[in-house]
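K.L.:
how would this look folded up:
(one chain, ligands or ions: 1)
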Amino acid sequence: MTDEPLLSVRNLKKHYPITEGILSKQVGAAKAVDGISFDIEEGETLGLVGESGCGKSTAASSIIRLEEATDGEVIFNGGGRQGRTRNQDGSHPNDITQFEDEELKAFRRDAQMIFQDPSSSLDPRMTVGSSVAEMLLVHGMTDKERRREIVEDLLERVGLEAEYYDRYPHEFSGGQKQRIALARALVLNPEFIVADEPVSALDVSIRAEILSLLNDIQEEFGLSMLFISHDMSVVREVCDRVAVMYLGEIVEIGDTEDVFSDPQHPYTEALLSAIPTPDPTLDRENIELKGTVPSPISPPSGCRFHTRCHKVIQSGEYDLEQSDWRALLTFRDKVQTGEIDPSSIRNALSGEDMDPSDVDDETVKTQLRVEFDLPETLSDRDAESTLQTAIDALAEGRIEDANEELSVFSTPCEKEEPAETDHGNGHLSSCLRNQSAAERAEPAPADD
Ligand SMILES: Nc1ncnc2c1ncn2[C@@H]1O[C@H](COP(=O)(O)OP(=O)(O)OP(=O)(O)O)[C@@H](O)[C@H]1O
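P.N.:
I've put the predicted structure just below:
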């Protein structure tokens with residue numbers, strides 16, 4: 001046994017080319033995974049959590065090499081590869097992304113994946129026993145009796161019965177199928193398992209059973225696991241550590257207890273606030289995560305979360321209610337991207353009996369504030385005056401003028417990429433708010 005991690009992911013990237021025209025000229029890239037790093041120790045379960053579209057599945061399939069990574073390293077020290085050091089050219093002999101066929105085949109024994117839909121790994125025309133035993137055959141076990149013995153034993157260990165060997169997938173419930181998929185993943189005695197949303201497709205009533213089975217199996221087999229989920233409460237059940245992913249990047253990582261009890265990134269806070277808690281002593285703020293994850297083709301500048309962050313930093317000259325500042329920036333962005341159309345607001349307000357041009361400007365202005373959660377008056381006189389001028393321009397259809405007015409509002413979060421802050425015990429976060437003013441290009445305003 002060595003003290004090196006079983007798996008080390010370093011600056012892993014997966015960019016999908018975006019092409020155009022009949023010549024498929026590359027015009028950009030979807031940066032689905034954009035430089036993530038973490039370790040998984042022997043016997044440890046790391047959760048990778050984030051909303052749909054954050055890049056979790058892409059990360060998983062790049063790590064297990066179902067897809068070729070664009071850049072970075074995935075160093076796997078299992079399967080008798082312990083203790084190897086880097087080559088003279090700086091490459092690592094255990095880097096999965098560079099494995100040739102032979103080594104890749106060996107790696108495919110050592111690392112297995114469980115998917116959200118268990119049916120995807122089971123052939124409907126094969127008995128479940130044969131499906132599981134097939135893995136042994138592919139890897140050279142020719143003794144049929146021995147294969148059956150191993151599979152029957154495994155079916156029992158995942159909570160099924162040996163006699164199920166000769167039944168077909170359609171005879172089983174979703175939960176049972178996931179148990180079979182687990183048996184299939186375990187049959188080659190792997191050291192590492194990637195479980196991609198393994199319970200999200202299952203009935204709520206059986207999720208707990210499967211999670212507890214995963215916990216038991218992980219302990220019994222001494223497995224390391226990368227556990228992917230969009231659900232923080234599920235992550236808490238099974239993971240020793242958790243990595244929070246947003247738009248291709250890891251924004252926070254740490255021991256599960258540390259991240260849950262003392263989250264350091266506003267995105268983590270927002271994900272945690274979505275968990276219903278029966279504990280009234282946990283006075284958790286209810287944070288509404290508005291909108292969806294932006295496209296990874298042109299991610300926001302600076303901190304990628306700034307367009308949705310409830311704690312987005314105010315620029316030095318303002319000291320507004322934080323929710324007003326958030327609303328103001330969202331309003332600015334929507335005007336800039338042309339998503340606000342005053343004429344459609346006028347149309348909506350006019351209803352059926354009135355000509356839209358008869359809706360007076362004041363009504364349009366009030367409606368704009370209501371729709372974008374802007375207060376009647378901002379507490380800062382200068383900010384209010386700028387906002388008012390912009391809204392006046394909008395109501396008169398002068399969108400460019402409104403855009404120019406609003407461009408005076410800016411946040412350090414869109415200008416600077418946050419550095420990593422170390423909170424101790426391997427708890428790291430990437431948020432400008434956690435950096436001291438000296439570390440930041442712009443001085444920090446008073447905290448909220
Ligand atoms: N083949 C592809 N080509 C272009 N973009 C892709 C491709 N596959 C995924 N993406 C994009 O990469 C981003 C990350 O997708 P991914 O499926 O990894 O996210 P996820 O967090 O696993 O979400 P989900 O839980 O919905 O699968 C998304 O914006 C997705 O549209």
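K.L.:
Get me the contact residues on the stretch 151-300 of the chain for the ligand.
P.N.:
Within the stretch 151-300 of the chain, the positions near the ligand by CB under 6 Å from any ligand atom are H230, P296. Every residue, glycine included, has its C-beta placed from N, CA and C.
K.L.:
Now do the contacts for the closest residue to the ligand within the stretch 151-300 of the chain.
P.N.:
Residue nearest to the ligand within the stretch 151-300 of the chain (CB to the nearest ligand atom): P296, separated by 4.8 Å. By CB atoms under 8 Å, 6 or more residues apart in numbering, P296 lies in contact with A30, K31, A32, D34, G53, G55, L247, G248.
K.L.:
Quick check: the farthest pair among those?
P.N.:
Across the contacts of P296, the longest distance by CB to CB is 13.2 Å; it joins D34 and G53.
K.L.:
and those two? which has more neighbours close in?
P.N.:
D34 (23 against 18; other CB atoms under 10 Å).
K.L.:
Who's the closest spatial neighbour of that one, skipping the chain neighbours?
P.N.:
G248 (3.5 Å; CB to CB, 6 or more residues apart in numbering).
K.L.:
Distance from the biggest helix by length in the chain to the middle of the chain?
P.N.:
The residue-count maximum for a helix in the chain (DSSP state H) belongs to helix 204-221. The offset between the C-alpha centroid of helix 204-221 and the centroid of the whole chain comes to 22 Å, using CA atoms, centre = their mean, to the nearest Å.
K.L.:
Going by neighbour count, list what's buried in that helix.
P.N.:
Judged by neighbour count using 16 or more other CB atoms under 10 Å, the buried positions of helix 204-221 are I206, R207, E209, I210, L211, L213, L214, I217, Q218, F221.
K.L.:
so Q112 sits in a strand?
P.N.:
Yes. The assignment for Q112 by DSSP: H, G, I helix; E, B strand; the rest coil puts it in a strand.
K.L.:
Grab the nearest non-local neighbour of it.
P.N.:
A185 (3.9 Å).
K.L.:
worst-scoring helix or strand of this structure, pLDDT-wise?
P.N.:
The helix or strand of the chain with the poorest confidence is helix 342-350; it has a mean of 78 (mean pLDDT, DSSP states H and E).
K.L.:
and that one, what does it pack onto?
P.N.:
helix 361-371 (3 or more CB pairs under 8 Å, 6 or more residues apart in numbering; DSSP states H and E).
K.L.:
Excluding residues flanking it in the chain, which one is nearest S121?
P.N.:
A181 (5.0 Å).
K.L.:
Show the average pLDDT along the helix or strand that neighbour falls within.
P.N.:
Element membership for A181 (DSSP states H and E) is helix 174-186. Helix 174-186 shows a mean pLDDT of 93 in the predicted model.
K.L.:
Likewise for stretch 154-169?
P.N.:
94.
K.L.:
and if you look at stretch 51-68?
P.N.:
95.
K.L.:
do the same with stretch 399-409
P.N.:
95.
K.L.:
try stretch 311-331
P.N.:
93.
K.L.:
what residues does it touch?
P.N.:
By CB under 8 Å, 6+ apart, stretch 311-331 touches 266, 290, 306-307, 309-310, 340, 372-375, 378-380, 382-383, 387, 406, 409-413, 432-433, 442-446, 448.
K.L.:
Extract the C-alpha trace of it and format it as PDB.
P.N.:
Below are the C-alpha coordinates for stretch 311-331, written out as PDB (Å, rounded to 0.1, in the frame of the first residue of the first chain):
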ATOM      1  CA  LYS A 311     -23.900  37.100  -3.700                       C
ATOM      2  CA  VAL A 312     -22.400  38.700  -6.800                       C
ATOM      3  CA  ILE A 313     -20.100  41.500  -5.500                       C
ATOM      4  CA  GLN A 314     -21.100  45.100  -5.800                       C
ATOM      5  CA  SER A 315     -18.700  47.500  -7.400                       C
ATOM      6  CA  GLY A 316     -17.000  49.800  -4.800                       C
ATOM      7  CA  GLU A 317     -19.300  52.800  -5.300                       C
ATOM      8  CA  TYR A 318     -22.600  51.100  -4.400                       C
ATOM      9  CA  ASP A 319     -24.000  49.700  -1.200                       C
ATOM     10  CA  LEU A 320     -27.400  48.400  -2.400                       C
ATOM     11  CA  GLU A 321     -29.700  45.700  -1.000                       C
ATOM     12  CA  GLN A 322     -27.900  42.600  -2.300                       C
ATOM     13  CA  SER A 323     -31.200  41.400  -4.000                       C
ATOM     14  CA  ASP A 324     -31.500  44.800  -5.800                       C
ATOM     15  CA  TRP A 325     -28.000  44.600  -7.000                       C
ATOM     16  CA  ARG A 326     -28.600  41.100  -8.300                       C
ATOM     17  CA  ALA A 327     -31.800  42.300 -10.100                       C
ATOM     18  CA  LEU A 328     -30.000  45.300 -11.500                       C
ATOM     19  CA  LEU A 329     -27.200  43.200 -13.100                       C
ATOM     20  CA  THR A 330     -29.700  40.700 -14.500                       C
ATOM     21  CA  PHE A 331     -31.700  43.600 -15.900                       C
END
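K.L.:
Give me the packing partners of the helix or strand following the helix holding A181, helices and strands only.
P.N.:
On the C-terminal side of helix 174-186, the closest following helix or strand by DSSP H and E is strand 192-196. Helices and strands touching strand 192-196, by 3+ CB pairs under 8 Å, 6+ apart, are helix 56-63, strand 111-114, strand 224-229.
K.L.:
need the residues of the stretch 1-150 of the chain near the ligand, please.
P.N.:
Close to the ligand, as judged by CB under 6 Å from any ligand atom, the stretch 1-150 of the chain has residues Y16, A30, A32, G50, S52, G53, C54, G55, K56, S57, T58.
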